[in-house]
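# Quick one, what's the 3D model for this:
(chains A and B)
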Protein chains: 2
Amino acid sequence: MTKTLKDQLSASAAKVETVIESLLPLSQGIEAPLLEAIRYSSLGGGKRLRSFMVLQSARLFQVEELYALRVAAAVEFLHSYSLIHDDLPAMDNSDTRRGKPSCHIKFGEATAILAGDALQALAFETLASEETHPESGIRCRLVNELASASGGAGMVAGQMMDLVGETNSLSFDQITRLQNLKTGEMFAFSARAGAILSGACSNEEDNLRKYAERFGLAFQIADDLLDLEGDPSEVGKPTGQDENANKATFVSVLGADQARNKAEILIEEAVIMLDNWDEEAQALRDLARYILERTN
Amino acid sequence: MTKTLKDQLSASAAKVETVIESLLPLSQGIEAPLLEAIRYSSLGGGKRLRSFMVLQSARLFQVEELYALRVAAAVEFLHSYSLIHDDLPAMDNSDTRRGKPSCHIKFGEATAILAGDALQALAFETLASEETHPESGIRCRLVNELASASGGAGMVAGQMMDLVGETNSLSFDQITRLQNLKTGEMFAFSARAGAILSGACSNEEDNLRKYAERFGLAFQIADDLLDLEGDPSEVGKPTGQDENANKATFVSVLGADQARNKAEILIEEAVIMLDNWDEEAQALRDLARYILERTN
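This next block holds a predicted model:
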């Protein structure tokens, strides 16, 4: 990771964290274990890549950072809910997340389910609130696009395919579709957020979608490679799980070397999608190339 | 139940069912078990009291039924998600719902969790879509209010209190607060939907909220009484569960007779909140009084 990107990522994560903190319902007499579980899962964790994409996308269209930060917070709420539910015993059954006990280990399963449910509602509540953008038409579009990216024809569909895939072998194309749904759609929403917030032309929005889809697939390949080759203490979760579960991944289908090549091609394709922009898209280019470092 | 109310309820349920069917993502290549679980849980069931409230509320403000039907469908999606997650083993652990196997029994726990998640997203996607109302400001308000009614400071908070209450004894006031959150908020959203759709004055909206809160508490007392005294085959789920679980309910705190009296008072108070309206609120009055029949 370049020094500049690292600094930019931390600065962005810190800002988003502050907005998340301000949006969490602190004083409304919310039940203690629920609020604790929500805070535990949505604060203080992760590189916040999706948030970073939202903020950088907003920069491309000169959108006020204040609006972008709220959209970024909504994306993080949505992402946190999906991680909490993903980790549940009936789903991926993961005991750790980012090097800490996962939500249901710490707070119990029922509280974890409810914390995820509340975080999903909070994501949409945040987007629909007047503070997120003065134009209600734009806020509605944000709600619509996030719901579509994360719902039964988006992220949730990808999680369903993933569960079905555990007991079936999947082809390369099926894994691509699965990952486009499971992680790509949320990256695509994040990368398009600036275009949506500014009402930009659909061509520019479309290029950002293509950037994010390729980014998402490369990101997943990097994840698969880390699971195969990474050090659990650095990765922040146990490794070797895909292989143990005999799970169909890019790496299991292509082999490690070809998967790494594929990721490199995807990243170069992603970067090309930013050709309309000059210096202002440099952080998004750096972010894409950083993915490759994860695979090496 | 009066003949008229019964007919009105069935007519309303049938219309809403058609709209729900049209909104379910049928052809988008959604994963089969997920779509099946969503359809299983959101179609063909229940009296659809919340939908009925939405449609009747819209009538009070001469709102186009087309808009009200979409709001009603969104409420049903939200309600279905909450029932699916409520029934999970980590939550209420209910094997049956409306006389049928509950979602996780039929499709497995993971699919049930995902179906609930997808239904929540679909509720907000439906509200934010242009077809729901021409004014985006009104659509944003619908999203905001539903998110707030159903989220971590609303319905989900009530479910959390309910789980905590299983291992603690609760006072009458605590049960009231719990039920206001758990079921009251969603009834209140439904009863206010017409006011929100029409941009009516806050005083009218407030009266409908008060109507719905009282309705909700009486509804819960009726539910508790049915659990104590009802016939499982008529109720559609096993009875005696609260007593077996030693759960704090209105009936366990007040006793059956006093709880029944309380429900009667609540219903009379609810009906008074409709005094601003004439014949056009008759169905909402009938609906409230019908709750009492459930307790006898």
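# so who does the residue nearest to the spatial centre of chain A touch?
Against the mean C-alpha coordinate of chain A, by CA atoms, centre = their mean, the closest residue is A:R50 at 4.9 Å. Residues in contact with A:R50, defined by CB atoms under 8 Å, 6 or more residues apart in numbering or on different chains, are A:72, A:75-76, A:79, A:186-187, A:190. From N, CA and C alone the C-beta is placed, and that goes for glycine too.
# Also A:D242?
By CB under 8 Å, 6+ apart, the contact list for A:D242 reads A:224, A:227-228, A:249, A:251-252.
# same check, this time on A:S102
A:84, A:87, A:94-96, A:112.
# Against chain B, how distant is it?
Going from A:S102 to chain B by CB to the nearest CB, to the nearest Å gives 14 Å.
# out of everything not next to it in sequence, what's closest to that residue?
Residue nearest to A:S102 in three dimensions, not counting chain neighbours: A:D87, with 4.1 Å by CB to CB, 6 or more residues apart in numbering or on different chains.
# my guess is that neighbour meets A:C103, correct?
Yes: if you go by CB atoms under 8 Å, A:D87 and A:C103 touch, sitting 6.6 Å apart.
# hey, what's in contact with both of these two?
With contacts defined as CB under 8 Å, 6+ apart, the residues shared by A:D87 and A:C103 are A:97, A:112.
# Which one's more surrounded, those two?
Taking neighbours as other CB atoms under 10 Å in any protein chain shown, A:D87 and A:C103 compare with A:C103 leading, 27 against 23.
# I'd assumed A:Y40 was in contact with that one.
Yes: at 6.5 Å, A:C103 counts as touching A:Y40 under the criterion of CB under 8 Å.
# The stretch 51-200 of chain A: helices as residue ranges?
Here the stretch 51-200 of chain A has its helices, by DSSP state H, counting those that start in this stretch, at A:65-87, A:103-107, A:109-128, A:136-150, A:155-165, A:172-179, A:185-198.
# Can you show me the CA trace of the longest one as CSV?
Going back to what we said before, that points to helix A:65-87. Taking Å, rounded to 0.1, in the frame of the first residue of the first chain, the C-alpha atoms of helix A:65-87 are listed here in CSV:
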residue,chain,number,x,y,z
GLU,A,65,-18.5,15.5,1.8
LEU,A,66,-21.1,15.9,4.5
TYR,A,67,-23.6,14.1,2.3
ALA,A,68,-21.1,11.5,1.2
LEU,A,69,-20.2,10.7,4.8
ARG,A,70,-23.8,9.9,5.6
VAL,A,71,-24.1,7.6,2.6
ALA,A,72,-20.8,6.0,3.7
ALA,A,73,-22.2,5.4,7.2
ALA,A,74,-25.4,3.8,5.7
VAL,A,75,-23.2,1.5,3.6
GLU,A,76,-21.2,0.5,6.7
PHE,A,77,-24.5,-0.2,8.7
LEU,A,78,-25.6,-2.4,5.8
HIS,A,79,-22.2,-4.1,5.6
SER,A,80,-22.1,-4.6,9.4
TYR,A,81,-25.5,-6.2,9.4
SER,A,82,-24.5,-8.6,6.6
LEU,A,83,-21.3,-9.6,8.5
ILE,A,84,-23.2,-10.3,11.7
HIS,A,85,-25.8,-12.5,10.0
ASP,A,86,-23.1,-14.2,7.8
ASP,A,87,-21.2,-15.2,10.9
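# Kindly calculate the angle that it makes with helix A:136-150.
Helix A:65-87 runs at 20 degrees relative to helix A:136-150, counting by axes from the mean of the first three to the mean of the last three CA atoms, to 10 degrees.
# Return the distance of helix A:65-87 from the chain's centre.
Put simply, helix A:65-87 sits 8 Å off its chain's centre (CA atoms, centre = their mean, to the nearest Å).
# Then the fourth one?
In terms of CA atoms, centre = their mean, the gap separating the centre of helix A:136-150 from the centre of its chain is 16 Å.
# quick check: angle from it to helix A:155-165?
Using the same axes, to 10 degrees: helix A:136-150 against helix A:155-165 is 0 degrees.
# what is the orientation angle of helix A:136-150 with helix B:109-128?
Counting by the same axes, to 10 degrees, helix A:136-150 lies at 160 degrees to helix B:109-128.
# Check which helices and strands helix A:136-150 is in contact with.
Using 3 or more CB pairs under 8 Å, 6 or more residues apart in numbering or on different chains; DSSP states H and E as the contact test, the elements touching helix A:136-150 are helix A:65-87, helix A:109-128, helix A:185-198, helix B:109-128, helix B:136-150.
# so which of those helices gets nearest A:S171?
Distance to A:S171, taken as CB to CB, is lowest for helix A:185-198 among these, at 20.2 Å.
# Okay, angle between that closest one and helix A:172-179 too, please.
50 degrees.
# okay, helix A:185-198 in PDB with CA atoms only?
Below are the C-alpha coordinates for helix A:185-198, written out as PDB (Å, rounded to 0.1, in the frame of the first residue of the first chain):
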ATOM      1  CA  GLU A 185     -23.200  -5.200  -5.800                       C
ATOM      2  CA  MET A 186     -22.300  -3.400  -2.600                       C
ATOM      3  CA  PHE A 187     -19.000  -2.200  -4.000                       C
ATOM      4  CA  ALA A 188     -20.900  -1.000  -7.100                       C
ATOM      5  CA  PHE A 189     -23.400   1.000  -5.000                       C
ATOM      6  CA  SER A 190     -20.500   2.500  -3.100                       C
ATOM      7  CA  ALA A 191     -18.500   3.500  -6.200                       C
ATOM      8  CA  ARG A 192     -21.700   4.900  -7.900                       C
ATOM      9  CA  ALA A 193     -22.700   6.900  -4.800                       C
ATOM     10  CA  GLY A 194     -21.100  10.100  -5.900                       C
ATOM     11  CA  ALA A 195     -22.800   9.900  -9.300                       C
ATOM     12  CA  ILE A 196     -26.200   9.300  -7.700                       C
ATOM     13  CA  LEU A 197     -25.700  12.100  -5.200                       C
ATOM     14  CA  SER A 198     -24.800  14.500  -8.000                       C
END
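# quick one: is it near chain B?
No: counting by CB under 8 Å from any CB of the partner chain, chain B is not contacted by helix A:185-198; separation bottoms out at 11.3 Å.
# before we move on, what about stretch A:170-181?
No: using CB under 8 Å from any CB, stretch A:170-181 stays clear of chain B, with a minimum separation of 8.5 Å.
# List the buried residues for that stretch?
The neighbour-count check on stretch A:170-181 (16 or more other CB atoms under 10 Å in any protein chain shown) flags A:170, A:174-181 as buried.
# residue contacts, A:R192?
Shown in contact with A:R192 (CB under 8 Å, 6+ apart): A:57, A:145, A:205, A:208-209, A:212.
# If we use 7 Å, what do you get?
Applying CB atoms under 7 Å, 6 or more residues apart in numbering or on different chains, one finds that A:R192 lies in contact with A:57, A:205, A:208-209.
# Please tell me the pLDDT value assigned to it.
pLDDT, A:R192: 98.
# near chain B, which residues of the stretch 101-250 of chain A?
When proximity is defined as CB under 7 Å from any CB of the partner chain, the stretch 101-250 of chain A approaches chain B at A:109-111, A:113-114, A:117-118, A:120-122, A:124-125, A:128-129, A:136-137, A:139-140, A:143-144, A:147-148, A:150-153, A:156-157, A:159-161, A:163-164.
# Write a ChimeraX command that selects only the buried members of the residues you listed.
Buried residues among these (16+ other CB under 10 Å), as a ChimeraX selection:
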select /A:109,110,111,113,114,117,118,120,121,122,124,125,128,129,136,139,140,143,144,147,148,150,151,152,153,156,157,159,160,161,163,164
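# circling back to that earlier point, just checking, which of the contacts of A:D242 belong to helices?
Residues of the contacts of A:D242 located in helices (DSSP state H): A:224, A:227-228, A:251-252.
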